[in-house]
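A.B. asks: Based on what follows, work out the 3D shape:
(one chain, ligands or ions: 2)
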Amino acid sequence: MKLNKIAFFNPQGNFDPKDSHLTEHPDFGGQLVYVKELAKAIAKHNIKVDIITRKIIDPEWPEFSGDFDYYPETENVRIVRIPFGGKKFLNKELLWDHLGEYVKGIIKLYTQEKAFPDFVTTHYGDGGISGTMFLTKTGIKYSFTAHSLGAQKRDRLNMDKDEAEKKFRFSLRILAENIAMQYASFIVTSTFQEKIEQYMHKAYKKTTTKHEKKFEIIPPGVNTSIFHTTPLPEDKKIEEYLNTKITKLPAEKRNNPFVILSSRLDRKKYHVALIRAFAESEKLREKFNIVIVTRGIDDVFSLITNINVDSEEKHILEEITTLAKKNNFLDQILFLNIKTQKELAALYRISTRQNSIFALTALYEPFGLAIIEAMACGLPVVATRFGGPAEILDGGTYGALINPDDPHDISKGLFNVLDNYDTYKKLGLKRVSEKYTWEITAEEYLRAIEKHIHGESETPFIPDFFANQLR
Ligand SMILES: O=c1ccn([C@@H]2O[C@H](COP(=O)(O)OP(=O)(O)O[C@H]3O[C@H](CO)[C@@H](O)[C@H](O)[C@H]3O)[C@@H](O)[C@H]2O)c(=O)[nH]1
Ligand SMILES: O=P(O)(O)OC[C@H]1O[C@](O)(CO)[C@@H](O)[C@@H]1O
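C.D. replies: Ligands and ions are numbered 1, 2, ... in the order given. Alright, predicted model coming up:
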């Protein structure tokens, strides 16, 4: 079947030509990078792609008020912003109550344009349940890519269960994820590990074992025009920025390698695990310094002391600085306000000169685009063994896998990589170029659509919480 148009349902976060706010906010992370890069790669197959998200009229978020937006020099991709849930920005946890309005807005737009998509890819639980609602109204089928599953996050969070339920609405999210999987034409995971572990969690097992044949394992890619080893103009700028910060480090340690943490400031990323490892190891403190990327935060210390702020980012930074101060190595941590992926890639490249290492100590990581991006810049990695990184690093062949709950294991992983630096650098570059490109991802999605689009799809059952929103 000739595909003319594919829609991507991604209600949370948002999209614009400048990738504004990427990782500045928990709702602006790898999923947005994934959706954007995949949409662009599919559009190269002469298919029109609509990325459908939310219209936001909010002075804090000025980039997202237009009905449509476009990426420069990218044919066939359109960003579509549907008004739902009022005008102000809402955290993703507050969107569940308004997804019926999102779906009705999409149907209204396509009815006006007289051009419905041939297929829909849906992203995260909110995109997934929206795909199911859209299917009931239009008969147009969809794929589901969770990017991250609620039950995994819930189980790994060290939080009071009731408090976590109140803040993250896990029961609703897990319901939406199950419905989305039940009626999807196919389910996409980035790794085999996700399929056999993360999706076989008892919260999903009933659904996923029944639909085992729907799984398509499709690795994501790296934007190699950004993440590579060749210096870009940004390198000079980041080098100068870094030099203004280096003076903060103890004089005798200024040439030490960095351990770089660049994840969103989200408790799931478990930054404090690395800090705890430093607190418990004199050897680590002697040999390394730490870089923490804090995109959008110019002065960490004024944020921490600002009594008017009560954000997740602030609490995470408070935890980090308190532990480091208590163990007298706060002066060995640099907080860098890196603004774009190009600047991030420049930081990775420059840091390899002094044998720095990328670290991802997450409680669990569904996949971890940041890992393959660092590897593409020649930066060796140490990553959590919980989740997709175990497969990306092939059990430890392409980088060190660690248990983030074990400070000694983190230290062991860092010294293993440092002692075999060039080997891991070369292996990382090889692994990424062979296995992780967005072109392969797009070809695999199109193959999966062809394979599943004619399959039988049961009439979806939509739980009242969502069905009532469609009325
Ligand atoms: O200062 C920064 C730091 C990070 N990034 C980008 O943010 C993304 C982070 O993505 P990832 O490392 O995958 O983490 P998450 O944001 O948590 O992404 C979710 O969605 C991804 C795509 O499915 C999965 O790989 C993750 O496991 C899942 O948690 C990467 O592209 C980074 O380049 C920036 O642009 N600027
Ligand atoms: O931590 P959670 O709620 O599982 O969400 C992670 C998701 O949120 C995002 O940051 C939104 O882009 C994604 O990167 C990711 O899929």
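
A.B. asks: Excluding residues flanking it in the chain, which one is nearest residue 38?
C.D. replies: residue 441 (5.7 Å; Cβ to Cβ, 6 or more residues apart in numbering). Quick note: C-beta positions are derived from backbone N, CA and C, even for glycine.

A.B. asks: For the helix or strand encompassing the one you found, the averaged confidence score.
C.D. replies: Element membership of residue 441 [criterion: DSSP states H and E] is helix 438-452. Mean per-residue pLDDT for helix 438-452: 96.

A.B. asks: And it, how far out from the chain middle?
C.D. replies: 20 Å (Cα atoms, centre = their mean, to the nearest Å).

A.B. asks: List the buried residues for that helix?
C.D. replies: Neighbour-count burial for helix 438-452, with 16 or more other Cβ atoms under 10 Å as criterion, is recorded at 438, 440, 441, 442, 444, 445, 446, 448, 449, 452.

A.B. asks: buried residues in the helix or strand that that helix is followed by?
C.D. replies: Using DSSP H and E, the helix or strand that follows helix 438-452 in sequence is helix 464-470. Neighbour-count burial for helix 464-470, with 16+ other Cβ under 10 Å as criterion, is recorded at 466, 469, 470.

A.B. asks: Just name whatever secondary elements helix 464-470 is in contact with.
C.D. replies: Counting contacts by 3 or more Cβ pairs under 8 Å, 6 or more residues apart in numbering; DSSP states H and E, helix 464-470 packs against helix 99-113, helix 124-138, helix 170-183.

A.B. asks: per-residue confidence averaged over that helix?
C.D. replies: pLDDT averaged over helix 464-470 gives 97.

A.B. asks: Could you check how far the residue of the stretch 1-150 of the chain found nearest ligand 2 is from ligand 1?
C.D. replies: Closest residue of the stretch 1-150 of the chain to ligand 2, Cβ to the nearest ligand atom: residue 29 (2.6 Å). Separation of residue 29 from ligand 1 (Cβ to the nearest ligand atom, to the nearest Å): 2 Å.

A.B. asks: just residue 171 next, same as before
C.D. replies: Using Cβ to the nearest ligand atom, we find residue 171 at a distance of 20 Å from ligand 1.

A.B. asks: ok, that residue - contacts?
C.D. replies: residue 165 (Cβ atoms under 8 Å, 6 or more residues apart in numbering).

A.B. asks: need the contact list for the residue of the stretch 201-350 of the chain found nearest ligand 1.
C.D. replies: Ligand 1 sits closest to residue 295 of the stretch 201-350 of the chain, with a gap of 3.9 Å, by Cβ to the nearest ligand atom. Each residue near residue 295 by Cβ under 8 Å, 6+ apart is listed here: 22, 23, 24, 337, 338, 339.

A.B. asks: Work out for me the element residue 216 sits within.
C.D. replies: Here residue 216 is covered by strand 215-217, with elements defined by DSSP H and E.

A.B. asks: Point out the other helices and strands that that strand packs with.
C.D. replies: strand 186-189, helix 192-196.

A.B. asks: coming back round to it: quickly check: the helix holding residue 441 near ligand 1 or not.
C.D. replies: No: applying Cβ under 6 Å from any ligand atom, one finds helix 438-452 separated from ligand 1 by no less than 10.7 Å.

A.B. asks: which other residues reach that helix?
C.D. replies: Under the criterion Cβ under 8 Å, 6+ apart, residues 1, 3, 6, 37-38, 40-42, 44-45, 119, 121, 141, 143, 185-186, 188, 214, 216, 218-223 lie in contact with helix 438-452.

A.B. asks: And the residues you listed, which of them are buried?
C.D. replies: Counted by 16+ other Cβ under 10 Å, these give 3, 6, 37-38, 40-42, 119, 121, 141, 143, 185-186, 188, 214, 216, 218-223 as buried.

A.B. asks: out of those residues, who's near ligand 1?
C.D. replies: Counting by Cβ under 6 Å from any ligand atom, no member of the buried ones among the contacts of helix 438-452 is near ligand 1.

A.B. asks: Restricted to helices, list those residues.
C.D. replies: Among the buried ones among the contacts of helix 438-452, the residues falling in helices (DSSP state H) are 37, 38, 40, 41, 42.

A.B. asks: will you turn those into CSV that also has pLDDT?
C.D. replies: Listed next are these as CSV, based on pLDDT from 0 to 100:
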residue, pLDDT
37, 97
38, 98
40, 97
41, 97
42, 98
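
A.B. asks: which two from these end up farthest apart in space?
C.D. replies: 37 and 42 (9.8 Å; Cβ to Cβ).

A.B. asks: Contacts only, for the residue in the stretch 51-200 of the chain positioned nearest to ligand 1.
C.D. replies: Here the stretch 51-200 of the chain gets closest to ligand 1 at one residue, residue 147, 3.7 Å apart by Cβ to the nearest ligand atom. Neighbour list for residue 147: 30, 31, 34, 123, 124, 366, 367 [criterion: Cβ under 8 Å, 6+ apart].

A.B. asks: And the pLDDT at the closest residue to the fifth one other than its chain neighbours?
C.D. replies: Spatial nearest neighbour of residue 124, chain neighbours left out: residue 147 (5.4 Å); criterion: Cβ to Cβ, 6+ apart. In the prediction, the pLDDT value recorded for residue 147 is 95.

A.B. asks: Show me which residues of the stretch 251-400 of the chain sit near ligand 1.
C.D. replies: Applying Cβ under 6 Å from any ligand atom, we find that the stretch 251-400 of the chain lies next to ligand 1 at 262, 264, 293, 295, 338, 341, 344, 365-370, 373.

A.B. asks: and which of those is nearest ligand 2?
C.D. replies: Closest approach between these and ligand 2, by Cβ to the nearest ligand atom: residue 264, at 6.1 Å.

A.B. asks: so residue 68 sits right up against residue 55, yeah?
C.D. replies: No: using Cβ atoms under 8 Å, residue 68 makes no contact with residue 55, being 10.0 Å away.

A.B. asks: Neighbour count for the two, which is higher?
C.D. replies: residue 55 (17 against 10; other Cβ atoms under 10 Å).

A.B. asks: Please verify my assumption that the more buried one contacts residue 63.
C.D. replies: No: the criterion here is Cβ under 8 Å, and residue 55 misses it with residue 63 at 11.5 Å.
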